[in-house]
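Colleague: Generate coordinates for the sequence data below:
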Amino acid sequence: MGVLDQIDSRIIFLAVGTLLLLGSFATINSRNASKFDHDFAFILLIVGMVSLGCGFGLIDLSKLKDMWPQ
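Modeller: Okay, the predicted model is just below:
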């Protein structure tokens, strides 16, 4: 049993969300960023917040399969 056995999807969602938020904040605060960079950073900011919500258990992805048509 190694360290990789203790990593579950919750930890992955938290790590990805944290990296997305850090990258989007760095891009938004950059003085050399273009308008496209700022727009894309806002999209990454929203995706990062959703990822953190899934990681903290505020968003339940198990209900997502019920939304798909049968």
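Colleague: got the buried residues for stretch 34-51?
Modeller: Ala41, Leu44, Leu45, Gly48, Met49, Ser51 (16 or more other CB atoms under 10 Å). C-beta coordinates here come from the backbone N, C-alpha and C atoms, glycine included.
Colleague: next one: stretch 22-30
Modeller: Using 16+ other CB under 10 Å as the test for burial, stretch 22-30 gives Ser24, Thr27.
Colleague: what does that stretch rub up against?
Modeller: Ala33, Asp37, His38, Phe40, Ala41, Phe42, Leu44, Leu45, Gly48 (CB atoms under 8 Å, 6 or more residues apart in numbering).
Colleague: List the ones among the buried residues of stretch 34-51 that fall in helices.
Modeller: Those of those mapping onto helices are Ala41, Leu44, Leu45, Gly48, Met49, Ser51, per DSSP state H.
Colleague: now the contacts of stretch 22-30 as a markdown table including pLDDT and distance to Lys65?
Modeller: Shown next, in a markdown table, are the contacts of stretch 22-30 (pLDDT from 0 to 100; distance: CB to CB, whole Å):
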| residue | pLDDT | distance to Lys65 |
| --- | --- | --- |
| Ala33 | 90 | 38 |
| Asp37 | 92 | 35 |
| His38 | 91 | 35 |
| Phe40 | 93 | 29 |
| Ala41 | 94 | 31 |
| Phe42 | 94 | 29 |
| Leu44 | 94 | 26 |
| Leu45 | 94 | 27 |
| Gly48 | 95 | 23 |
